[in-house]
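In: sequence unknown, structure follows:
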Ligand SMILES: Nc1ncnc2[nH]cnc12
Ligand SMILES: [Zn+2]
């Protein structure tokens with residue numbers, strides 16, 4: 001898709017912005033399904049599966065959600081995922097997210113999952129993928145929400161481990177559309193995974209990678225030039241390198257930005273300091289996403305509403321961000337056009 005003008009947009013009063021943001025159709029492209037596990041569901045699954053947790057109750061667990069950086073969050077996030085054992089558990093987790101997504105007017109979601117977190121505990125790849133995939137199918141028919149899966153390799157583990165994970169997933173190749181790279185960023189540059197991503201490209205998988213969340217612009221360059229990432233997850237450190245910003249703009253490489261995540265993991269001291277508006281002003285295909293909504297205090301509409309309130313973004317930027325989300329998605333050109341038509345209709349009806 002090409003950049004477009006916004007001349008056709010009606011004028012919308014600032015006090016109606018939250019309602020517009022809620023009602024606007026959108027896509028979510030950066031959501032870790034394990035990060036949608038709400039404390040209540042963690043305790044329910046722990047009881048169902050006889051798993052003991054190091055927290056007495058939901059309130060105690062929630063109190064532990066005070067993070068200082070990415071690693072301090074990941075330690076709790078992997079512990080929370082320990083209650084997932086059966087196919088039904090994965091289905092229930094994804095179904096709960098997809099219902100939330102529908103409530104936020106998400107038409108399309110591309111959902112990350114971390115199989116190594118589960119296979120390391122003896123849960124089979126098939127259990128994970130079948131449970132998540134059946135929830136996506138159900139969302140299509142029962143909710144009218146399209147959803148697909150992206151398998152993420154954990155970058156704190158070795159490339160050999162990633163290759164083994166890919167092998168295990170290949171019999172289920174038709175149930176996920178791409179691969180990504182997540183977990184502890186600093187010290188684990190994208191180049192560590194050059195060979196496994198080359199193999200994934202040969203297999204026709206879409207490629208995304210977390211880069212420039214806490215890590216330097218050099219990691220974003222590596223994700224682009226070595227992994228051949230089609231989208232960059234986060235990428236908010238990119239403005240430290242003006243040549244990188246020019247590259248991202250020129251190639252229309254989308255950034256899946258997660259403002260509340262960046263706030264909770266102390267990437268920005270305050271939401272008002274977030275660079276989302278500056279990324280848009282630089283002509284980047286930035287999108288808004290929730291990352292790990294159960295841990296960061298908000299789903300997609302919370303991310304939009306709180307970020308707009310804190311940074312003073314306006315209705316044309318809301319339209320741009322929603323349009324970017326459809327442009328950046330991995331659906332075909334005709335589906336993108338239909339999504340943008342629905343976006344335009346929603347804005348026109350709001351005038
Ligand atoms: N924000 C994040 N960064 C890297 N890996 C993650 N896994 C889940 N959330 C993540
Ligand atoms: Zn993420």
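Out: Great, that's in hand. Owing to the predicted nature of the structure, the values given are computational and were not obtained by experimental measurement. Ligands and ions are numbered 1, 2, ... in the order given.
In: Can you see whether the helix or strand in which residue 118 is found contacts ligand 1, counting any residue in it?
Out: Using DSSP states H and E, residue 118 sits in helix 115-119. No: Helix 115-119 is not in contact with ligand 1 by CB under 6 Å from any ligand atom; minimum separation 9.3 Å. No exception for glycine: its C-beta is placed from N, CA and C like everyone else's.
In: What mean pLDDT does that helix get?
Out: Per-residue pLDDT over helix 115-119 has a mean of 98.
In: ok, now stretch 82-101?
Out: Stretch 82-101 comes out at a mean pLDDT of 98.
In: Any buried residues in it, and which?
Out: Residues of stretch 82-101 classed as buried by neighbour count (16 or more other CB atoms under 10 Å): 82-85, 87, 89-98, 100-101.
In: still on that earlier bit, which other helices and strands contact the helix holding residue 118?
Out: Judged by 3 or more CB pairs under 8 Å, 6 or more residues apart in numbering; DSSP states H and E, the packing partners of helix 115-119 are helix 125-138, strand 146-154, helix 159-169.
In: is any part of the shortest one close to ligand 1?
Out: No: where contact is defined by CB under 6 Å from any ligand atom, no part of strand 146-154 touches ligand 1; the two come within 7.4 Å at best.
In: So what's the gap between that strand and the chain middle?
Out: 9 Å (CA atoms, centre = their mean, to the nearest Å).
In: What's the local residue count around residue 151?
Out: Residue 151 is flanked by 26 other residues according to other CB atoms under 10 Å.
In: Next, the contact list for it, please.
Out: 112, 113, 115, 165, 169, 176, 178, 179, 180 (CB atoms under 8 Å, 6 or more residues apart in numbering).
In: hmm, 6 Å instead?
Out: Shown in contact with residue 151 (CB atoms under 6 Å, 6 or more residues apart in numbering): 169, 176, 179.
In: Now tabulate those residues in CSV and tack on distance to ligand 1 and pLDDT.
Out: What follows is these, written out as CSV (distance: CB to the nearest ligand atom, whole Å; pLDDT from 0 to 100):
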residue, distance to ligand 1, pLDDT
169, 18, 98
176, 17, 99
179, 14, 99
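In: What are the boundaries of the helices in the stretch 201-350 of the chain?
Out: Here the stretch 201-350 of the chain has its helices, by DSSP state H, counting those that start in this stretch, at 217-225, 242-250, 259-264, 276-281, 293-296, 300-311, 315-327, 333-349.
In: Adding mean pLDDT and distance to residue 144 as columns, could you present those helices in a markdown table?
Out: A markdown table is the format used below for these (pLDDT from 0 to 100; distance: least, CB to CB, whole Å):
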| stretch | mean pLDDT | distance to residue 144 |
| --- | --- | --- |
| helix 217-225 | 99 | 33 |
| helix 242-250 | 98 | 33 |
| helix 259-264 | 98 | 26 |
| helix 276-281 | 98 | 28 |
| helix 293-296 | 98 | 21 |
| helix 300-311 | 98 | 16 |
| helix 315-327 | 98 | 16 |
| helix 333-349 | 96 | 11 |
